[in-house]
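Asker: Test case, fold it:
(one chain, ligands or ions: 1)
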Amino acid sequence: MASRALATLTYAALDRGDLATAETLANELLGAESRLGHVSGEAAALRALGRVFFGQGRVEEAEQTLQRALALADPLSQGPQPADPASTLLLLGSLAIERGDFPVAATTLADARALAERSPAREHLTTRANAELARLALLQGNVADAQQHAAAAYAGASEHECRRCGAGIAATLVEVACAAGELAIADARRTEGLEHAFRLALPIATAEIRGAAGRLLAARGDVVGGRNECSEALAVFERLGPVYMVERTKRRITELDVTGQAQTA
Ligand SMILES: [Zn+2]
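Answerer: Model (predicted):
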């Protein structure tokens, strides 16, 4: 199969959350691209494989695979980078957040954002890196920084009019707005994000946004509705992955149960 068709099928499988199929296809793609000597295609195939491993909770394999993609970039080049290291660094940054290694996540995401200037995916990467920096700041309890990064991410997605970025960053935007007590903004970001995810048929992004919206409903006093949103999201993550979202969503449901008990006590 031509490598372009393989790449299309690989990304479609990732979008559907069919990680087993995506793994087979990404390995085929990797073989084809390395036989052809296409550095950009090889790096992209390694990133796809890294995303599969990340989603399956195979964290060490994900890290090794992404480091292989990163090693294809020329660290001394001041010109275009066919291996697109910025895209790889963004994934490594997300992986570091999931491992709880916040200092590494911060530098890796900052590097991704800086190198994005020379990437063919510049607008997408800048937007995504800002959203991940927002999520990181939130995890570190720095709501003001999170708001700043989230605003930059939202502006970026709006500027390049990108539904895919809009869907991908919405869950973080909802969480940041909730943490800042800006419930009207959280609601608007949820609605927009769900619309983008629906149009592109992205089940995992949809579940992420619904899970994040659980907290919004709870903040408005509808703990039962919030819990429902999280349970629906959990069912999707249990079926499709990513596995780290299963744990995260279960924790959120426990938090909502505690909130609910406090309200009825
Ligand atoms: Zn985009």
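Asker: going forward, measure contacts between C-alpha atoms and count neighbours the same way
Answerer: Will do.
Asker: how about the residues of the stretch 1-150 of the chain near the ion?
Answerer: His124 (C-alpha under 5 Å from the ion).
Asker: Sketch out the low-pLDDT regions of the stretch 101-250 of the chain for me.
Answerer: Residues of the stretch 101-250 of the chain meeting the criterion pLDDT under 70: none.
Asker: which residue ranges form the helices in it?
Answerer: Counting by DSSP state H, counting those that start in this stretch, residue ranges of the helices within the stretch 101-250 of the chain are 102-115, 122-139, 143-159, 163-179, 183-200, 203-219, 223-240, 243-264.
Asker: and those helices as JSON lines, adding mean neighbour count and distance to Gly31?
Answerer: JSON lines is the format used below for these (neighbours: other C-alpha atoms under 10 Å; distance: least, C-alpha to C-alpha, whole Å):
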{"stretch": "helix 102-115", "mean neighbour count": "20", "distance to Gly31": "26"}
{"stretch": "helix 122-139", "mean neighbour count": "25", "distance to Gly31": "26"}
{"stretch": "helix 143-159", "mean neighbour count": "20", "distance to Gly31": "34"}
{"stretch": "helix 163-179", "mean neighbour count": "26", "distance to Gly31": "28"}
{"stretch": "helix 183-200", "mean neighbour count": "19", "distance to Gly31": "29"}
{"stretch": "helix 203-219", "mean neighbour count": "24", "distance to Gly31": "28"}
{"stretch": "helix 223-240", "mean neighbour count": "20", "distance to Gly31": "26"}
{"stretch": "helix 243-264", "mean neighbour count": "15", "distance to Gly31": "27"}
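Asker: I'd like those helices written out as TSV, with distance to Leu92 added.
Answerer: TSV is the format used below for the helices of the stretch 101-250 of the chain (distance: least, C-alpha to C-alpha, whole Å):
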stretch	distance to Leu92
helix 102-115	7
helix 122-139	11
helix 143-159	18
helix 163-179	17
helix 183-200	24
helix 203-219	19
helix 223-240	21
helix 243-264	15
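Asker: closest to Ala12 out of those helices?
Answerer: helix 183-200 (10.7 Å; C-alpha to C-alpha).
Asker: Is the closest one positioned near the ion?
Answerer: No - if you take C-alpha under 5 Å from the ion as the test, helix 183-200 misses the ion, and the best it gets is 11.5 Å.
Asker: on that earlier part again, which of the helices of the stretch 101-250 of the chain sits closest to Glu60?
Answerer: Among the helices of the stretch 101-250 of the chain, helix 243-264 comes nearest to Glu60, with 13.9 Å by C-alpha to C-alpha.
Asker: what's the closest one packed up against?
Answerer: Helix 243-264 is packed against helix 203-219, helix 223-240, with contacts defined by 3 or more C-alpha pairs under 8 Å, 6 or more residues apart in numbering; DSSP states H and E.
Asker: Which residue does the chain have closest to the ion?
Answerer: Closest residue of the chain to the ion, C-alpha to the ion: His124 (3.7 Å).
Asker: Tell me the spatial nearest neighbour of that residue, not counting adjacent residues.
Answerer: Cys165 (6.5 Å; C-alpha to C-alpha, 6 or more residues apart in numbering).
Asker: and if you look at Gly17?
Answerer: Nearest one to Gly17, counting by C-alpha to C-alpha, 6+ apart, is Leu240 at 5.2 Å.
Asker: contacting residues around the residue nearest to Thr127 when sequence neighbours are not counted?
Answerer: What sits nearest to Thr127 in space, not counting adjacent residues and going by C-alpha to C-alpha, 6+ apart, is Ala153, at 4.5 Å. Applying C-alpha atoms under 8 Å, 6 or more residues apart in numbering to Ala153 gives the contacts Thr126, Thr127, Arg128, Ala129, Asn130, Ala131, Ile169.
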